[in-house]
Every structure is written in C-alpha cells, then in structure tokens.
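In: Fold the following, please.
(one chain, ligands or ions: 1)
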Amino acid sequence: MILLLLVPGIGGLAFLIWWLVFETEGVYLGRRVVVWLYDVYARRYDGIKENADEDERVYLAKPLMQRLRPHVDPLVLDVAAGTGRMALALCRHARFEGYVYGLDPSRRMLAVAAEKIAAAEYADSVTLLQGSAEQLPFERDLFDVVTCMEALEFMPQPADQLTELIRVLRPGGLLLTTLRINTRWMPGRVWDETTFRALLAARGMIQIELEMWQYDYMLVWAVKSGTAPFTGVRLPEELLSPALLRQCLPYPASA
Ligand SMILES: C[S@@+](CC[C@H](N)C(=O)[O-])C[C@H]1O[C@@H](n2cnc3c(N)ncnc32)[C@H](O)[C@@H]1O
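Out: Sure thing, here's the model as predicted:
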C-alpha cells in the first residue's frame, strides 16, 4: 500500500524537479537559479546549440545590416549576450564598422564570449559587461540597435524587460528579438504572435515583422517610432562610468 503511494509520489517529484530545473531552465525558481544554470552550462552551451556561422550571417547579420543602410557603424547593445553570438555575427560581417556592448548576468557565459571574441581579434569592437536586463546601465534613446536573442522568457518580468530594451533604443532605432514558440509549459513566460505584436505596439514600436526562424523561435524585427540622429560608435570610456568600466570583462591576456 505504502509502495503504491510512494512510487507515483517520487515520480511526480522527479518530474517537477526536471520541469523546474531543466525544461524551464530555472525560470520559476528566480533569477539567481537561471544565472547559476547558465554559469554551470557555459562551457557546453555552444556544443548544445550548434549554431552555424553561416546561419548567423544569413539570418542575423546580413538582414540587420541591410535594414541599417546606408549606415555601417551602429552602436549596438546585445542584451543576454551569452557566449557572444550576436557580437561575433556582426563583427564577421564585411561591412560592419560599428561597436557592440554585450550584457549578460552570467559571468561564465561572458567569459566564453570573451575568449571567442579575442581569438577572432574583434576585441576592439566589443565590450562585455556583466549585468541584467531589469535595469540597463545606459541612458534612454541611445543605441541604434538593441538585440535580445532567445532570452526574454528567462527574465523575471519579460514584459518589463521588453520596456527596458526599448527605453535605451533611440527613436528610429532597430530592435531585433525573438518570440518563443512551440512551448506549452512555460505559463506567463511566452506570448502568442498577436499578443507580442500588441506589446511592442503599446511600447511605441512600429514596422513590426515576425518571421519563422528556428523550431522554437521566431525572429522579431521592429523600429522605435520617432526620429533621432544616428548615434554611431561610442567607446566605453565615453559611455560607461568608471565603476561600470571596472565591471567590464577583461579579455584574455592573448587578446
Ligand atoms: C538561451 S541563452 C541566449 C544567449 C544568446 N543571446 C544567444 O542567442 O546565444 C539566454 C541568456 O540569457 C541570459 N539571461 C538570463 N536572465 C537574464 C536577465 N535577467 N537579464 C539578461 N540576461 C539574462 C542568460 O545568462 C543566458 O546567457
């Protein structure tokens, strides 16, 4: 009798732990757990994702640079930079002459990014900063481009963090983010297409375009309404306070 109760109980508990820790990547256990998990998996992350450089060029860097024409030197903020995917995709683009700030709370994800960026000799075009999307350490209306890939659903209040991304984007600036799809069990974390369009529109975004990208993500492009002069390259010494400069990830000695 006890065994009859125990087996389903243990099974249910095991499923709950699996769902909370692995399936939803700790998102219902708080930001610290999410960041801890990314720290733990940082060295394995690229191997798990298997993103191909050519795909990053075709689906991310190339369309982004096309939308910026005639500019080639945007000031870019990549929130949830992870292992440096967006910075690398942009720096590899033949016409890119801009500057990328990559921000992520996981120090170990950033450490992997720093190694890859140094190895590719792009350290002069990228600064990596430990921080979270909840409060971006930048003035409003600043960046020509803000990107945030495969990450909103892991943040504490995704709709608020979306507002924060848009706050630091200059009027006329380009937002590139992702909408998670084909995920049934992430209540309160994912939106349908119509709701996401409405969220963006309510935050002053126009020219909203959603396109299929991967099995579990759509790419989302949008422009912040209004116009402001193109910002262009701003180096860290100009943009970051001395305290923030000290938080930037040092590139490996080989850089
Ligand atoms: C699935 S990874 C995506 C990384 C990268 N954008 C990419 O596309 O490869 C999610 C990233 O979100 C970051 N993240 C989690 N919570 C965050 C938060 N509150 N603010 C900013 N980034 C966060 C994690 O540390 C992790 O690097």
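
In: Not counting the helix or strand encompassing Met212 itself, show me its contacts.
Out: Assessed by DSSP states H and E, Met212 sits inside strand 205-214. Residues from elsewhere that reach strand 205-214 (C-beta atoms under 8 Å, 6 or more residues apart in numbering): 59, 166, 175, 178-179, 193, 196-197, 200-201, 218-225. C-beta: built from backbone N, CA, C; applies to glycine.

In: out of those, which touch the ligand?
Out: Residues of the contacts of strand 205-214 in contact with the ligand (C-beta under 6 Å from any ligand atom): none.

In: Restricted to strands, list these.
Out: Leu175, Thr178, Leu179, Met218, Leu219, Val220, Trp221, Ala222, Val223, Lys224 (DSSP state E).

In: Now the residues you listed in a markdown table, please, with extra columns for neighbour count and pLDDT.
Out: Below are the ones in strands among the contacts of strand 205-214 laid out as a markdown table (neighbours: other C-beta atoms under 10 Å; pLDDT from 0 to 100):
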| residue | neighbour count | pLDDT |
| --- | --- | --- |
| Leu175 | 23 | 98 |
| Thr178 | 21 | 98 |
| Leu179 | 21 | 97 |
| Met218 | 18 | 97 |
| Leu219 | 18 | 98 |
| Val220 | 23 | 98 |
| Trp221 | 17 | 98 |
| Ala222 | 24 | 98 |
| Val223 | 19 | 98 |
| Lys224 | 25 | 98 |
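
In: For the residues you listed, work out which two are farthest apart.
Out: Met218 and Lys224 (19.6 Å; C-beta to C-beta).

In: Compute the number of surrounding residues for whatever residue of the chain ends up closest to the ligand.
Out: Among all residues of the chain, Gly82 sits closest to the ligand, at 2.5 Å; criterion: C-beta to the nearest ligand atom. Gly82 has 23 neighbours, counted by other C-beta atoms under 10 Å.

In: Just to be sure, it is in a strand?
Out: No: in this structure, Gly82 is coil, not part of a strand, as judged by DSSP: H, G, I helix; E, B strand; the rest coil.

In: So for it, what's the nearest residue that isn't a sequence neighbour?
Out: Spatially, and ignoring its direct neighbours in sequence, Gly82 is nearest to Met109 (5.0 Å; C-beta to C-beta, 6 or more residues apart in numbering).

In: didn't the one you found look like it was pressed against Tyr38?
Out: Yes: with contact defined as C-beta atoms under 8 Å, Met109 reaches Tyr38; the gap is 5.3 Å.

In: what residues are shared contacts of those two?
Out: Tyr45, Gly82.

In: about what we covered before: so what are the sheet partners of the strand holding Met212 and their directions?
Out: strand 217-224 (antiparallel) (DSSP bridges).

In: Strands along the stretch 51-200 of the chain, start to end?
Out: 75-79, 99-104, 126-130, 143-148, 169-180 (DSSP state E, counting those that start in this stretch).

In: Of those strands, which is nearest Asp55?
Out: strand 169-180 (14.0 Å).

In: near the ligand, which residues of the chain show up?
Out: Checking the chain against the ligand by C-beta under 6 Å from any ligand atom, the hits are 31, 34-35, 38, 79-80, 82, 85, 104-106, 109, 132-134, 149-151, 154-155.
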